[in-house]
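In: take this sequence and fold it.
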Amino acid sequence: MATPATEPEVFDVVIFGASGFTGKYVIREALKFLPPNASPLRTLALAGRSRDRVAAALRWAAAPGPAPDVPILVADASDPASLAALASRARVLLSCAGPFRLYGHQVAAACAEAGADCLDISGEPEFMERVEADLHEAAARNGSLIVSACGFDSIPAELGFLFNSRQWDPPSAPVSIVAHVSLESDKKIVGNFGTFESAVLGVANASKLQALRRSRPRPAKPRIPGPPPPTGPLIKHDKALGLWVMKLPSADTVVVKRTLSKVTEHPEGLPGVEETPDFAERRKEFWSSVKPAHFGVKIGTRSILGVIPLICTGLFIGILGGFSFGRSLLLKFPALFSMGWFRKSGPTEAEVSSASFKMWFVGSGYGDSTRASGRGGKPDKEIVTRVSGPEIGYITTPIVLIQCALVLLSQRGNLPKGGVYTPGAVFGPTDLQKRLEENGLSFDVISTRTLPSD
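Out: Model prediction:
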């Protein structure tokens, strides 16, 4: 008699793109939560194109101890069958292989078809919005929750915005909340080449994003008191923060706006597939305390000289990214065209461990929202909050991604059955902020003041 075939093991978490520069840091963070640690992460597998490279990444992540016995699966973003097999073996798939416009859609599609949850660390607006347009219905039907931007892009911005917004007790209300990001280190700050490549490809495909948006229904607009804030200068000195700040075209802005649009459509938030009565009450209370506001992002440095590399990098990408030869130059010489901010080798371990970030959220609004139309619409109240944490790409991003996965594993019934959503819409009412505070990030109220009337 033939022996019945055994079903392949389904893992709590599968990390895809595990051998990449970010992927190996995600492995290192995930290993902290495997048994005997008390966490919902009981089983883990790693996946990538090369078994040998993934095994090397596992050894690196486990050092100085021995590598644990973690299964390695072979899958390639260019091979749909391998992705389908991979997604069928994951409760939660962590997608770490970028640029996501090249490799991410196929992974998300496999998860949507298999009913597996998928979290990625993309900061690419076109990818995120295209996944929503293409896969939301299938994901909702099959019980697959797909959430992009589950790293530094854009969880600190999303939770930071919501944290500031919830400080405005009635009858006060914000009209704008602006994030001011400061990257700090006693060594050189160096970004990953993949981030630079994603920015270059984003400029190259900007027309595709606009065409996608024109083809879709207009998103719901939240009701925000008072007139929109003035545009203001491109660069300014913020004396209160001690920063020279420059406006930053950021995925964070796009993601926060998408969350506010979703909450405008669902004022009580997204109900869970099998949520508990206590969580349903918490969800409704949470979203009733969130006040919509105009949102933007600025990047800051202590010295005006620090703004120069930012301007030059933006100009080079904006000008050269629009044609193929220019893009080839940018991608061949990233250190040159970013004035050392990005290099193909990525940062050293010392550069990673010495870096940190601070993100101030400056909320301006009205002490009494019923007076928003008076006084020429001029805000009379300011609340400043701050989110801070370790290096953004290889420490904060893995922390955030793994904590999002743990929320999915431990609280799945309290979350939507499936669909493509933003992090804020899914994780806002959960204990994700508390988890991040327990793992190296801080959320603080810095000041509340009345603004002068003149």
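In: what pLDDT does R49 get?
Out: Looking at R49, its pLDDT stands at 95.
In: now swap in the one 10 residues further on and tell me
Out: Model confidence at R59, expressed as pLDDT, equals 97.
In: quick one: contacts for it?
Out: Shown in contact with R59 (C-beta atoms under 8 Å, 6 or more residues apart in numbering): A67. To be clear about C-beta, it is placed using only N, CA and C from the backbone, and glycine gets the same treatment.
In: now the helix or strand it falls within, how far from the chain's geometric center?
Out: Using DSSP states H and E, R59 sits within helix 51-62. Taking C-alpha atoms, centre = their mean, to the nearest Å, one finds helix 51-62 lying 25 Å from the centre of the chain it belongs to.
In: state the next helix or strand along the chain beyond it.
Out: Counting by DSSP H and E, what follows helix 51-62 is strand 72-74.
In: ok, that following strand: who's next to it in the sheet?
Out: With DSSP bridges as the test, strand 72-74 is paired with strand 44-48 (parallel).
In: can you give me the strands in the stretch 1-150 of the chain?
Out: Here the stretch 1-150 of the chain has its strands, by DSSP state E, counting those that start in this stretch, at 11-16, 44-48, 72-74, 90-95, 117-120, 145-147.
In: returning to that earlier point: would you mark the buried spots in the helix holding R59?
Out: Neighbour counts over helix 51-62 (16 or more other C-beta atoms under 10 Å) mark 53-55, 57-58, 61 as buried.
In: and stretch 198-217, by the same measure?
Out: With burial defined by 16+ other C-beta under 10 Å, the residues of stretch 198-217 counted as buried are 198-205, 209, 212.
In: quick one: end-to-end length of that stretch, please.
Out: Stretch 198-217 has its terminal residues 26 Å apart, counting by C-alpha to C-alpha, to the nearest Å.
In: what is the neighbour count of I15?
Out: I15: 35 surrounding residues under other C-beta atoms under 10 Å.
In: now do the contacts for it.
Out: Counting by C-beta under 8 Å, 6+ apart, I15 touches 23, 26-27, 30, 44-47, 94, 96.
In: who does the helix or strand bottoming out on mean pLDDT in the chain pair up with?
Out: Every helix and strand in the chain was compared by mean pLDDT, DSSP states H and E; the lowest is strand 191-192, with a mean of 80. Sheet pairing for strand 191-192, assigned by DSSP bridges, gives strand 342-343 (parallel).
In: now do the helix or strand containing G160, average pLDDT.
Out: Element membership for G160 (DSSP H and E) is helix 155-165. Averaging pLDDT along helix 155-165 gives 98.
In: list the buried residues for the helix or strand just after that helix?
Out: Downstream of helix 155-165, the first helix or strand assigned by DSSP H and E is strand 173-185. Across strand 173-185, burial judged by 16+ other C-beta under 10 Å covers 173-183, 185.
In: same for strand 173-185, what does it pack against?
Out: helix 155-165, strand 243-247, strand 294-301, strand 355-366 (3 or more C-beta pairs under 8 Å, 6 or more residues apart in numbering; DSSP states H and E).
In: tell me which of the ones you listed sits most buried.
Out: Comparing the helices and strands packed on strand 173-185 on average neighbours per residue, with mean count of other C-beta atoms under 10 Å, the densest one is helix 155-165 at a mean of 26.
In: ok and it relative to strand 355-366, angle-wise?
Out: With axes from the mean of the first three to the mean of the last three C-alpha atoms, to 10 degrees defining the directions, helix 155-165 sits at 30 degrees from strand 355-366.
In: and helix 155-165, how far out from the chain's middle?
Out: Chain-centre distance of helix 155-165: 11 Å, with C-alpha atoms, centre = their mean.
In: tilt between that helix and strand 294-301?
Out: Using the same axes, to 10 degrees: helix 155-165 against strand 294-301 is 120 degrees.
In: who touches helix 155-165?
Out: With C-beta under 8 Å, 6+ apart, helix 155-165 has contacts from 149, 174, 177, 179, 250, 252, 255-256, 259, 289-293, 295, 297, 357, 359, 361, 363, 383, 385-387, 389, 396, 400, 404, 422-424, 427-428, 432-433, 436, 441, 443.
In: what about burial for those, which qualify?
Out: Applying 16+ other C-beta under 10 Å to those flags 149, 174, 177, 179, 250, 252, 255-256, 259, 290-293, 295, 297, 357, 359, 361, 363, 383, 385-387, 389, 396, 400, 404, 422-424, 427-428, 432-433, 436, 441, 443 as buried.
In: return the subset of those residues lying in helices.
Out: Using DSSP state H, 252, 255-256, 259, 400, 404, 423-424, 427, 432-433, 436 are the members of these that sit in helices.
In: one step back: in strands, which of the buried residues of stretch 198-217 appear?
Out: Using DSSP state E, no member of the buried residues of stretch 198-217 falls within strands.
In: thinking again about what came up before, export the helices and strands packed on strand 173-185 as CSV, with columns for distance to L234.
Out: Formatted as CSV, the helices and strands packed on strand 173-185 follow (distance: least, C-beta to C-beta, whole Å):
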stretch, distance to L234
helix 155-165, 20
strand 243-247, 6
strand 294-301, 10
strand 355-366, 17
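In: pretty sure S50 is touching G20, no?
Out: No: contact criterion C-beta atoms under 8 Å: S50 and G20 do not qualify, at 11.0 Å.
In: the more surrounded of those two?
Out: Taking neighbours as other C-beta under 10 Å, S50 and G20 compare with G20 leading, 21 against 13.
In: kindly list the longest helix within this structure.
Out: Counting residues, the longest helix found in the chain (DSSP H) is helix 125-142.
In: what mean pLDDT would you report for that one?
Out: On average, helix 125-142 scores 97.
In: over to stretch 306-316?
Out: 87.
In: buried ones in that stretch?
Out: By neighbour count with 16+ other C-beta under 10 Å, stretch 306-316 contains the buried residues 306-307, 310, 313-314, 316.
In: compute the distance between A335 and P309, please.
Out: 11 Å (C-beta to C-beta, to the nearest Å).
In: I misspoke; the intended subject was D153.
Out: Distance from D153 to P309, by C-beta to C-beta: 20 Å.
In: over to F337?
Out: According to C-beta to C-beta, F337 stands 10 Å off from P309.
In: could I get the buried residues of stretch 198-217 as CSV with pLDDT?
Out: Listed next are the buried residues of stretch 198-217 as CSV, based on pLDDT from 0 to 100:
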residue, pLDDT
S198, 87
A199, 89
V200, 90
L201, 89
G202, 89
V203, 87
A204, 87
N205, 88
L209, 91
L212, 94
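In: nearest to V352, of those residues?
Out: S198 (19.2 Å; C-beta to C-beta).
In: list the residues that contact that closest one.
Out: S198 neighbours (C-beta under 8 Å, 6+ apart): 98-101, 122-124.
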